[in-house]
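Engineer: Okay, sequence plus prediction incoming.
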Amino acid sequence: MERRKFLKYLQVGSISTAALHFANNDLFAYPINRHNLDAKIEKKPLITSDIYLPSSQYEILKSVKNKLKLIQRHVGYGNFNIIGFDKAVSIARWGRGIKRFTKEELSFMESIYYYDPSIHGFFGQRTSHSLTELISKKEVVKIPRTGHYLFKGKTVETYTHMKKDIGNTIVLTSGVRSIVKQMKLYIDKIDKTKGNLSKASKSLAPPAFSYHTIGDFDIGKKGFGYSNFTSRFALTNEFLRMRKLKYIDMRYTINNKDGVRYEPWHIKTI
Ligand SMILES: [Zn+2]
């Protein structure tokens, strides 16, 4: 990405009116606020509401989503959790049945990584600063039968300690996530919310902002399936026992400042 354009992405946060979002041609950098546009037409006062991905970006979102899915299939679920960006780009180029990323798709992924999500209500901290940052295999350990990795040191020690104190009914549901993995999850979420960036980022951090990239992990109850990622997890015995452990810290408490939903399953390690 050209330096000038890159800087422009970084400045997004200081420009926040719907009028500017609308006037600018660089649509992803200044997503359109549908509600405010409607309000303008109906001559109602501007109301703060959800920010959407511009519809012109949908096709690119879909093609990137599909390629990331194929790359994950190519390298396997476990390996995809720690894959670097350059590696992913190279697999798209050379892997069987996948096509190389186009310039537009690469630029879309750069925008998704570098833009400022505070424009749609996400206020978390950046946990990485370059799209091509790598996770070294030496820094992580694979947790058997989970498809996930954990960082060596405090993270894996916390997990082991929890297993010992709570028992074998707890399971690691998500560990280390590389920037590419978080990008895939975020793009899937944007698609699922039909482009609603405000809604997407309440349940999933944008790719430069995930603490999974540097140490946090998610815990669940064995056999509880998708419910592990809902507030129902807070009603399990496993959670109640977890709350009694002094060394456990929750990242996303109720009404947290990051603008993320309540996540009782997400363990803070840093
Ligand atoms: Zn998490």
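Structural biologist: Perfect, I can see it now. Numbering: from 1, shown residues only.

Engineer: which bits of the stretch 151-270 of the chain sit near the ion?
Structural biologist: Residues of the stretch 151-270 of the chain found near the ion (C-beta under 5 Å from the ion) are 218, 266. In this view, the C-beta of every residue, glycine as well, is placed from N, C-alpha and C.

Engineer: Let me see the ranges of the strands in the stretch 151-270 of the chain.
Structural biologist: For the stretch 151-270 of the chain, applying DSSP state E, counting those that start in this stretch gives strands covering 170-174, 217-221, 250-252, 263-267.

Engineer: Listing partners with orientation, what would you give for the third one?
Structural biologist: Pairing partners of strand 250-252, with direction, according to DSSP bridges: strand 263-267 (antiparallel).

Engineer: quick check, distance from the partner strand to the centre of its chain.
Structural biologist: How far strand 263-267 lies from its chain's middle: 15 Å, per C-alpha atoms, centre = their mean, to the nearest Å.

Engineer: again, but for stretch 156-167
Structural biologist: On C-alpha atoms, centre = their mean, the centre of stretch 156-167 falls 25 Å from that of its chain.

Engineer: Report pLDDT for the closest residue to the ion within the stretch 101-250 of the chain.
Structural biologist: With C-beta to the ion as the measure, Asp218 is the residue of the stretch 101-250 of the chain nearest to the ion, at 4.1 Å. For Asp218, the model assigns a pLDDT of 97.

Engineer: Repeat that for the one 10 residues further on.
Structural biologist: Looking at Asn228, its pLDDT reads 97.

Engineer: That one is in contact with Ala234, isn't it?
Structural biologist: No - applying C-beta atoms under 8 Å, one finds Asn228 not in contact with Ala234, separated by 10.7 Å.

Engineer: Between those two, which is the more surrounded one?
Structural biologist: More crowded of Asn228 and Ala234, by other C-beta atoms under 10 Å: Asn228, with 23 against 16.

Engineer: For the more buried one, give me its contacts.
Structural biologist: Residues counted as contacts of Asn228 (C-beta atoms under 8 Å, 6 or more residues apart in numbering) are 173, 218, 220-221, 265.

Engineer: which SS state does Gly78 fall under?
Structural biologist: Using DSSP: H, G, I helix; E, B strand; the rest coil, the secondary structure recorded for Gly78 is helix.

Engineer: Next, count neighbours for it.
Structural biologist: So Gly78, with other C-beta under 10 Å, has 14 neighbours.

Engineer: can you start the count at 10 instead of 1 from here on
Structural biologist: Noted, 10 is the first residue going forward, which turns the last one into Gly87.

Engineer: which residues does it contact?
Structural biologist: Contacts of Gly87 by C-beta under 8 Å, 6+ apart are 151, 156-158.

Engineer: Let's have the strands of the stretch 160-279 of the chain in CSV, adding mean neighbour count.
Structural biologist: Output for the strands of the stretch 160-279 of the chain, formatted as CSV (neighbours: other C-beta atoms under 10 Å):
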stretch, mean neighbour count
strand 179-183, 21
strand 226-230, 23
strand 259-261, 21
strand 272-276, 23
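
Engineer: Need the ones you listed in a markdown table (columns: distance to Lys208).
Structural biologist: A markdown table is the format used below for these (distance: least, C-beta to C-beta, whole Å):
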| stretch | distance to Lys208 |
| --- | --- |
| strand 179-183 | 20 |
| strand 226-230 | 20 |
| strand 259-261 | 16 |
| strand 272-276 | 15 |
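
Engineer: Tell me which of the ones you listed sits nearest to Leu140.
Structural biologist: Between Leu140 and the strands of the stretch 160-279 of the chain, the tightest spacing by C-beta to C-beta is seen for strand 179-183, at 21.0 Å.
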